[in-house]
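1. Coordinates for the following, if possible.
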Amino acid sequence: MNDDFLIRFRKPPPRHFAAQLYKRINTPMNTPKQLVMRRFSFAAAICLALLAALAFSPGALAAVNSLIRQIGGITFFGPEETASQVTATPGAEVITPEDILSITEAREKLPFQLSLPTWAPDGFVMGSSVRISYFQNGFTPAIINWYGSDPDVGNIELMVGQPVKWLVDTDHLQEVQVNGQPAALVGGTWNEDTGQWDQESELSLTWMKGEVMYKLSSPGAAVEDLIRMAESIP
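-> The predicted structure follows:
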């Protein structure tokens, strides 16, 4: 799978967390089965279209003039002019079909093995449902959330799916270890309003487990907690 996933936008956490994150990143279900339609912003749609083009066109890849890095078998790249690559257009959106399933149903339906963490930080409770999105390029990520009680920390989201390329600001990309294997720690996401990288929005940890890609993200969870959670996946 050589296409991109979507880019999620979150409410920025408190300033003290943003400062700590910036320092870290720069230092050497039992629910009824139902099919729903999820709407994504134009910024997410344009990134998806951009990466789909890059996957099939070496010329387009050269035209972007991007810096490419590979960490643990996952490709990350960031255009030099992020604002020109991703611009928000009010009212523009993409509709993607989704299933909301129980964990058992999701495991039966997914084309890959869904393994879940056996540890979570204190105060976090795992949701009982799994959301599966169906992108036109065949990417079918499964997403499950752990809900926390501290509004300053927010929730933790786990995405599991086929390996894809990620469009990021590589200045906020750092290699770490998960069970002795390389993993990517990214600070921030694309800002839907400005079309630029927002380094304060969230922290994400992405790695490969066999042929399956995992990504943990949270607006305020500690780096150590995300790594420990990742390492608890059997």
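2. Quick one: end-to-end length of stretch 186-203, please.
-> With C-alpha to C-alpha, to the nearest Å as the measure, stretch 186-203 spans 6 Å from end to end.
3. Repeat that for stretch 205-219.
-> Span of stretch 205-219 from end to end, C-alpha to C-alpha: 12 Å.
4. buried ones in it?
-> 205-209, 212-219 (16 or more other C-beta atoms under 10 Å). Glycine gets a C-beta too; all of them are placed from N, C-alpha and C.
5. ditto for stretch 168-185
-> Here stretch 168-185 shows 168, 169, 170, 172, 173, 174, 176, 178, 183, 184, 185 as buried, counting by 16+ other C-beta under 10 Å.
6. so which pair among those residues is furthest apart in space?
-> Maximum pairwise distance among the buried residues of stretch 168-185 (C-beta to C-beta): 21.6 Å, between 169 and 178.
7. Tell me which entries of the buried residues of stretch 205-219 lie within helices.
-> Using DSSP state H, the subset of the buried residues of stretch 205-219 located in helices is empty.
8. tell me the average confidence for stretch 145-155?
-> Averaged across stretch 145-155, pLDDT comes to 93.
9. any idea how far residue 96 is from residue 68?
-> Residue 96 sits 26 Å away from residue 68, going by C-beta to C-beta, to the nearest Å.
10. correction: residue 100
-> 35 Å.
11. and the next element down the chain from the worst-scoring helix or strand of the chain on mean pLDDT?
-> Least confident element among the helices and strands of the chain, by mean pLDDT, DSSP states H and E: helix 82-85 (a mean of 41). With elements assigned by DSSP states H and E, the helix or strand that comes after helix 82-85 is strand 93-102.
12. Would you mind pulling up the elements that that following strand packs against?
-> Using 3 or more C-beta pairs under 8 Å, 6 or more residues apart in numbering; DSSP states H and E as the contact test, the elements touching strand 93-102 are strand 34-41, helix 42-56, helix 103-109, strand 129-133.
13. by contact count, what packs against the strand ranked longest in the chain?
-> For the chain, the longest strand by residue count, based on DSSP state E, is strand 197-209. Packing contacts for strand 197-209, counted by 3+ C-beta pairs under 8 Å, 6+ apart, involve helix 15-25, strand 74-79, strand 173-178, strand 181-190, strand 212-218, helix 223-231.
14. redo that, cut-off 6 Å
-> Judged by 3 or more C-beta pairs under 6 Å, 6 or more residues apart in numbering; DSSP states H and E, strand 197-209 is in contact with strand 181-190, strand 212-218.
15. Those: which one's closest to residue 139?
-> strand 212-218 (10.1 Å).
16. what sits up against that closest one?
-> Residues from elsewhere that reach strand 212-218, judged by C-beta atoms under 6 Å, 6 or more residues apart in numbering: 112, 154, 156-161, 163, 202, 204-207, 226, 230.
17. Which two of the residues you listed have the greatest separation?
-> Longest span within the contacts of strand 212-218, C-beta to C-beta: 112 and 154, 27.0 Å.
18. Contacts made by stretch 173-183 with the rest, please.
-> Contacts for stretch 173-183 (C-beta under 6 Å, 6+ apart): 25, 71, 72, 76, 185, 186, 205, 207, 230, 231.
19. neighbour-wise, which of those leads?
-> Most neighbours among the contacts of stretch 173-183, by other C-beta atoms under 10 Å: residue 207, with 26 neighbours.
20. That one and residue 98, how far apart?
-> 24 Å.
21. related to what we said a few turns ago, of all the helices and strands packed on strand 197-209, which one comes closest to residue 119?
-> It is, among those and with distance given as C-beta to C-beta, strand 212-218, at 11.9 Å.
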